[in-house]
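Asker: Show me the folded form of this:
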Amino acid sequence: MGLVGALDASWWKDEFGIHDDFVKQVGALIQPGDSAIYALLRTADPEILADQFRGYGGTILRTTLSRSQQSKVENVLHDRVAA
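Answerer: Here you go, the predicted model:
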């Protein structure tokens with residue numbers, strides 16, 4: 001299972017240009033038996049939005065995507081939901 005997660009993380013990094021440091025940070029936090037929520041959000045003030053998630057436990061990580069990266073991620077997520 002760890003190998004699958006590593007391959008998936010590598011794919012996301014390579015396919016979408018997600019910064020290696022961010023991928024490593026996420027990988028270090030998620031251990032077997034843990035879960036994570038990925039949210040693609042648009043907001044003028046990400047700190048206000050992050051405050052809405054605080055209080056539920058866990059760690060909030062965020063990164064910024066270019067419009068091109070965002071479009072690629074949205075297409076992949078849309079295709080997975082439609083399947």
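
Asker: Need the nearest residue in space to Ser66, chain neighbours excluded.
Answerer: Spatial nearest neighbour of Ser66, chain neighbours left out: Gly17 (7.8 Å); criterion: C-beta to C-beta, 6 or more residues apart in numbering. Glycine gets a C-beta too; all of them are placed from N, C-alpha and C.

Asker: now Gln70
Answerer: Nearest residue to Gln70 in three dimensions, chain neighbours excluded: Leu40, at 7.1 Å (C-beta to C-beta, 6+ apart).

Asker: Measure how far the strand or helix carrying His78 is from the centre of its chain, please.
Answerer: In the assignment (DSSP states H and E), His78 maps to helix 67-82. Relative to the mean C-alpha coordinate of its chain, helix 67-82 is positioned 12 Å out (C-alpha atoms, centre = their mean, to the nearest Å).

Asker: got it, and stretch 25-40?
Answerer: With C-alpha atoms, centre = their mean as the basis, stretch 25-40 stands 8 Å off its chain's centre.

Asker: for stretch 19-32, same thing?
Answerer: For stretch 19-32, the distance to the chain centre is 10 Å (C-alpha atoms, centre = their mean).

Asker: coming back round to it: now do the same contact list for the residue nearest to Gln70.
Answerer: 65, 70, 73-74, 77 (C-beta atoms under 8 Å, 6 or more residues apart in numbering).
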